[in-house]
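> fold the stuff below for me.
(2 chains)
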Amino acid sequence: MHTTLDLWSMLFVFMLATFVGFQVIQSVSRLLHTPLMSLTNAISAIAIVGSIIIAGEEKDTTSLILGCVAVAASMTNIVSGFLITDRMLKMFREKGRQQ
Amino acid sequence: MSAIEHLTQASYLAAAALFVFSLRWLSSPKTARQGVVAGVAGMSLAVFGTLLHPEIVSYTWIVVALVIGTVIGVPLSWVPLTAVPQRTALSHAFGGMAAGLVGTAKYMLWLQDGGLTSFRMFAIIVEVLLGYLTLTGSLMAAGKLQEVLPTRPITYKNQNIFNGLLMLVALASGAYLVWRPETWQLFPVVIVLSLAFGVLLVLPIGGADMPTVISLLNAYAGLAAVAMGFVLDNKLLIVAGALDGSSGFILSVIMCKAMNRSFSNVLFGAFGQVSATAAVGEAKAVKSATPQDVADILENASRVVVIPGYGMAVAQAQHRVRELYEQLAKRGIECRFAIHPVAGRMPGHMNVLLAEAEVPYTALAEMDDINPDMPQVDVAIVVGANDVVNPAARHDKSSPIFGMPIINADRAKTVIAIKRTMNPGFAGIDNELYSADNCLMAFGDAKAVLGDIVKAMSGESGIH
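Numbering: from 1, shown residues only, chains lettered A, B, ... in the order given. Next up, the predicted model:
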């Protein structure tokens, strides 16, 4: 029974987060759709939390290796995603070049 | 629940809220950088919260993996902005791979200790399917964008039937595994088929459809993270994945609308093939203009609109475009940029390139905002755009791009099209704009032609 309740509460979270996502994303400025994609990409690299646990449990060699590769892949997305998003956003200026 | 577990969950809760704020602040370029700060804060909280997890027995390998990820990630953020579409595709591939690997590891662990309920198995199948499909699909997209793979659509006979059958076998194997999780022999079958399906899905897609495909792969990567959340019973993953997934989905819809096409048409249509039916273009007379002519016309204009396309990025002409913008601004001539949603190779690509060239974002206008003003515009300059300004999309029912919303460049008093040759665009469609009475062609490399126009204008400003 406990796990069934968990399933339902996860589905609730999924549904509500999707609604929030639709609302928030629709209000994102069209100017910023490229940074939006790199930012959401970095955010979805939150998969790192799952990978860390699998790598850290060290239950067997295979899961350790798979977990570590997943941690490295997610960390790559986190680092490059946030850095490039900020790099792009810095360039959006209201006024032209200072001459 | 121990105190540490409460702390971990609290960090996840705060991270989820910070992620929502992060995206919320992207609504304006003024607050957008705050969004990155919120995202980084949320991510750091969640990672530290996870490192407290009592089940972690050793940190050595985690630290090694974190360092490797950082070492790869930092240079990946330095790519030139023309290469951002490839980088984005590559990061979707990494995201998909992480999901696929975690799903695989979880299956193997639960297979040993008998933890495979049918719900967990279902979630794992979805995670693995989407994860591996996103991995190879995104690698294919990145290869096409980097032009290490042919950018034209690759098609063969009965392609859709073959792909459909493959998908069906994958789904059937997945369904059997949900029913009988212990038939581990089927698990590699699902993995291999998902990997193959990702390749086959992107194979028939041409360069101009990349904005839609990248958005779609973005949505898949997000959904794979959601599935991972269900597998690991982690609500933060579900929230972050849902945010990513809905973003990818919304962008895909915007891209499809901007091309007047449906999802299925992009995925299964192989757009480039349509060109075979395009009319045999009889050589129509076009008028050409020298950079000096263009400079003279611009001197006498009061409203100018520049319409950039992927050709501007290819020619690296965005800095010359900004110089032109400055010359016009100096004379008090209004100059704006009309951005078509699918111009470039990913959503918002043109905006980023122009922002990098230090064009202020207040000069960038969306298609729907600028079209009503086009009849009052004196000069429209088309730089490396083609199909998005083809008037045939409005009236020629036989044209493959009929119905696609376009920027009405032809309604400006004068149109100047900067183009290398008279070769048609990617779909091989004649562009009747070029033979219109009010259109002048400036032939040559966009960067060189714009440079000459700017030179002619700055020369004259000395005389005045």
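> for chain B, what's the nearest residue on chain A?
residue A:75 (2.4 Å; C-beta to the nearest C-beta). Every residue, glycine included, has its C-beta placed from N, CA and C.
> which residue is the nearest non-sequential neighbour of that residue?
residue B:69 (2.4 Å; C-beta to C-beta, 6 or more residues apart in numbering or on different chains).
> residue B:104 too?
residue A:66 (5.9 Å).
> and the helix or strand hosting the one you found, what other elements does it pack with?
For residue A:66, the host element (DSSP states H and E) is helix A:61-91. Other elements packing on helix A:61-91 under the criterion 3 or more C-beta pairs under 8 Å, 6 or more residues apart in numbering or on different chains; DSSP states H and E are helix A:33-44, helix A:48-57, helix B:32-51, helix B:60-76, helix B:84-113, helix B:349-356.
> near chain B, anything from the second one?
In other words, helix A:48-57. Yes. Helix A:48-57 reaches chain B (C-beta under 8 Å from any C-beta of the partner chain) through A:48, A:49, A:50, A:51, A:52, A:53, A:54, A:55, A:56, A:57.
> number of residues surrounding the closest residue to the last one other than its chain neighbours?
Spelled out, it's residue A:57. Excluding the flanking residues, the one nearest residue A:57 by C-beta to C-beta, 6+ apart is residue B:55, at 5.3 Å. Using other C-beta atoms under 10 Å in any protein chain shown, residue B:55 has 10 other residues around it.
> for residue B:55, what are its contacts?
Counting by C-beta atoms under 8 Å, 6 or more residues apart in numbering or on different chains, residue B:55 touches A:53, A:56, A:57.
> was I right about the first one contacting residue B:51?
Okay, so that is residue A:53. No. Residue A:53 is beyond contact range of residue B:51, at 9.7 Å (criterion: C-beta atoms under 8 Å).
> which secondary element of the chain has the worst mean pLDDT?
The chain I'm using is chain A. Every helix and strand in chain A was compared by mean pLDDT, DSSP states H and E; the lowest is helix A:2-26, with a mean of 90.
> sorry, should have said chain B
Per mean pLDDT, DSSP H and E, helix B:263-269 ranks last in chain B, at a mean of 72.
> who touches the residue in chain B positioned nearest to chain A in this structure?
Per C-beta to the nearest C-beta, residue B:69 is where chain B lies closest to chain A, at 2.4 Å. By C-beta under 8 Å, 6+ apart, residue B:69 lies in contact with A:71, A:72, A:73, A:74, A:75, A:76, A:78, A:79.
> give me the low-pLDDT residue ranges for the chain?
All of this is about chain A. Along chain A, the model assigns pLDDT under 70 to residues A:1-3, A:96-99.
> my question was about chain B, not that one.
Within chain B, the segments meeting pLDDT under 70 span B:267-284, B:423-428, B:460-464.
> can I see the domain layout of it?
Taking automatic domain parsing as the reference, chain B has its domains at B:79-273, B:287-463.
> any chance of the ones you listed in CSV with mean neighbour count as columns?
What follows is those, written out as CSV (neighbours: other C-beta atoms under 10 Å in any protein chain shown):
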stretch, mean neighbour count
domain B:79-273, 22
domain B:287-463, 20
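> with distance to residue B:21 added, can I get those in CSV?
Formatted as CSV, the domains of chain B follow (distance: least, C-beta to C-beta, whole Å):
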stretch, distance to residue B:21
domain B:79-273, 11
domain B:287-463, 21
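> chain A contacts on the stretch 301-450 of chain B?
B:322, B:325-326, B:329, B:339, B:341, B:346-349, B:351-352, B:355-356, B:358-362, B:364, B:366.
> redo that, cut-off 10 Å
For the stretch 301-450 of chain B, the residues in contact with chain A (C-beta under 10 Å from any C-beta of the partner chain) are B:322-323, B:325-326, B:329-330, B:339, B:341, B:344, B:346-369.
> how far away from the center of its chain is stretch B:132-146?
12 Å (C-alpha atoms, centre = their mean, to the nearest Å).
> ugh, wrong one, I meant stretch B:64-77
The chain centre lies 23 Å from the centre of stretch B:64-77; the measure is C-alpha atoms, centre = their mean.
> next one: stretch B:107-119
For stretch B:107-119 - counting by C-alpha atoms, centre = their mean - the centre lies 37 Å from the chain centre.
> any idea how far apart the tips of it sit?
12 Å (C-alpha to C-alpha, to the nearest Å).
> what sits in contact with each of residue A:53 and residue B:51?
With contacts taken as C-beta atoms under 10 Å, 6 or more residues apart in numbering or on different chains, residue A:53 and residue B:51 have residue B:62 as neighbours in common.
> about what we covered before: the residue of chain A closest to chain B: neighbouring residues, count only.
The number of residues packed near residue A:75 is 27, by other C-beta under 10 Å.
> for the stretch 201-350 of chain B, which segments count as strands?
Ranges of strands within the stretch 201-350 of chain B are B:287-288, B:303-308, B:334-339, based on DSSP state E, counting those that start in this stretch.
> quick one: the second one to strand B:334-339, angle?
In this case it means strand B:303-308. Interaxial angle, strand B:303-308 versus strand B:334-339 (axes from the mean of the first three to the mean of the last three C-alpha atoms, to 10 degrees): 30 degrees.
> packing partners for strand B:303-308?
Helices and strands touching strand B:303-308, as assessed by 3 or more C-beta pairs under 10 Å, 6 or more residues apart in numbering or on different chains; DSSP states H and E, comprise helix B:318-330, strand B:334-339, helix B:349-356, strand B:364-366, helix B:367-370, strand B:379-383, strand B:414-419.
> mind running it again at 6 Å?
Packed against strand B:303-308, as judged by 3 or more C-beta pairs under 6 Å, 6 or more residues apart in numbering or on different chains; DSSP states H and E, are the following elements: strand B:334-339, strand B:379-383.
> show me what that strand is in contact with.
B:328, B:333-338, B:350, B:377-383, B:385, B:389, B:407, B:409 (C-beta atoms under 6 Å, 6 or more residues apart in numbering or on different chains).
> what of the first one?
Residues from elsewhere that reach strand B:287-288 (C-beta under 6 Å, 6+ apart): B:440, B:441, B:443.
> what about these, which are in strands?
Among the contacts of strand B:287-288, the members falling in strands (DSSP state E) are B:440, B:441, B:443.
> residue 16: how many residues sit nearby?
Looking at chain A here, since you left the chain open. Residues lying near residue A:16 (other C-beta under 10 Å) number 13.
> let's do chain B instead
Using other C-beta under 10 Å, residue B:16 is surrounded by 23 other residues.
> show me what the helix or strand hosting it packs onto, helices and strands only.
Per DSSP H and E: residue B:16 is located in helix B:3-24. Under the contact criterion of 3+ C-beta pairs under 6 Å, 6+ apart, helix B:3-24 touches helix A:2-26, helix B:32-51, helix B:235-258.
> can you pull the contacts of residue B:62?
By C-beta under 6 Å, 6+ apart, the contact set of residue B:62 is A:52, A:55, A:56.
> ok, how many other residues are close to the residue lying closest to the first one once chain neighbours are set aside?
Counting by C-beta to C-beta, 6+ apart, the nearest residue to residue A:52 once its immediate chain neighbours are dropped is residue B:50, at 5.0 Å. For residue B:50, the count of nearby residues is 24 (other C-beta under 10 Å).
> got it, and residue B:74?
13.
> dump the residue contacts of it.
Contacts for residue B:74 (C-beta under 6 Å, 6+ apart) come out as residue A:79.
> sorry, back to before: can you redo the strands of the stretch 201-350 of chain B as CSV with distance to residue B:6?
Output for the strands of the stretch 201-350 of chain B, formatted as CSV (distance: least, C-beta to C-beta, whole Å):
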stretch, distance to residue B:6
strand B:287-288, 73
strand B:303-308, 53
strand B:334-339, 48
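> nearest to residue B:253, of those strands?
Of all those, strand B:334-339 sits nearest to residue B:253, with 17.8 Å by C-beta to C-beta.
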